[in-house]
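Undergrad: how would this look folded up:
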Amino acid sequence: LARATIALAVGQTVMMALSMVVIAALIAAPGLGSGIVTGLSRADVGLMLPSGVAVVVLAVVLDRTITASAVPGRRSRRAVLAAAALALCGAAASRLLGAGFPPGWSVHLAGPVNEAVTWAKFSWYGVTDAVRNLTTEALLNPLQEVLTSSPWWLVAGVVLVVGWRCAGPRDAAVALCCLLAT
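TA: Got it, this is the predicted structure:
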């Protein structure tokens, strides 16, 4: 009965481990995250795009495999066996073909992606600047004014009422306690 919940937990653990790939690259760990960190430090979208896409594809494939293994019956066993066979074939092919990727098969996306980002940055500046200014002036500044100028007991009462209405009395009390603890 707990197979689906266990598979969900394993899947979440794998997704967390994949997010650590980028964080581990911050301390110079090798792997897919190093391309993302290098691209972020240089503000180079084209450099980090292949590594980012590889991490996302890997996450989707692992999630689908783990989810399929949780389904009881013959179909899930076939999916796990097919994934294992594919992994073994990939390992054997890497031994036979070598570790190097043929240079003629590679596609260099950094240049066109960076050109598109530069074009969007300069062509859409007016639109994005207007959205930023509207959001700041119409939403964030009034909200800040209300939250900073209201008395503490009024803010606490609003948090309690909104929490009670949205999530119930128990969650409202937790939200109120967290607010008062800050």
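Undergrad: Sketch out the strands for the protein, chain order is fine.
TA: Taking DSSP state E, the chain contains no strands at all.
Undergrad: For it, which segments count as helices?
TA: With DSSP state H as the definition, the chain shows helices at residue ranges 3-25, 32-42, 45-70, 74-97, 110-123, 125-135, 141-149, 152-167, 169-181.
Undergrad: Just list what the worst-scoring helix or strand of the chain on mean pLDDT packs against, helices and strands only.
TA: Ranked by mean pLDDT, DSSP states H and E, the weakest helix or strand in the chain is helix 74-97, scoring a mean of 80. Applying 3 or more CB pairs under 8 Å, 6 or more residues apart in numbering; DSSP states H and E, one finds that helix 74-97 contacts helix 45-70. The way it works is simple: take the backbone N, C-alpha and C, and place the C-beta from them, glycine included.
Undergrad: hey, least reliable of the helices of the chain by pLDDT?
TA: Of all these, mean pLDDT reaches its minimum on helix 74-97 (a mean of 80).
Undergrad: could you give the angle of it to helix 3-25?
TA: Angle between the axes of helix 74-97 and helix 3-25 is 30 degrees (criterion: axes from the mean of the first three to the mean of the last three CA atoms, to 10 degrees).
Undergrad: Centre of the chain to helix 74-97, how far?
TA: Relative to its chain's centre, helix 74-97 lies at 27 Å (CA atoms, centre = their mean, to the nearest Å).
Undergrad: likewise stretch 64-78?
TA: Remark: stretch 64-78 is offset 25 Å from the chain centroid, using CA atoms, centre = their mean.
Undergrad: For the nearest residue to residue 65 once chain neighbours are set aside, the count of nearby residues, please.
TA: Nearest non-adjacent residue to residue 65, counting by CB to CB, 6 or more residues apart in numbering: residue 83, 5.0 Å away. By other CB atoms under 10 Å, 17 other residues sit near residue 83.
Undergrad: Can you verify my assumption that residue 83 contacts residue 66?
TA: No - judged on CB atoms under 8 Å, residue 83 makes no contact with residue 66 at a distance of 9.8 Å.
Undergrad: Look up how far residue 138 lies from the residue nearest to residue 155 when sequence neighbours are not counted.
TA: Excluding its sequence neighbours, the residue lying closest to residue 155 (CB to CB, 6+ apart) is residue 147, at 6.6 Å. Between residue 147 and residue 138 the computed distance is 16 Å (CB to CB, to the nearest Å).
Undergrad: ditto for residue 4
TA: Distance of residue 4 to residue 138, computed by CB to CB: 44 Å.
Undergrad: repeat for residue 68
TA: According to CB to CB, residue 68 stands 47 Å off from residue 138.
Undergrad: Please apply the same query to residue 153.
TA: Distance from residue 153 to residue 138, counting by CB to CB: 28 Å.
Undergrad: and residue 68 and residue 138? which has more neighbours close in?
TA: Between residue 68 and residue 138, counted using other CB under 10 Å, residue 68 has the larger neighbour count: 17 against 10.
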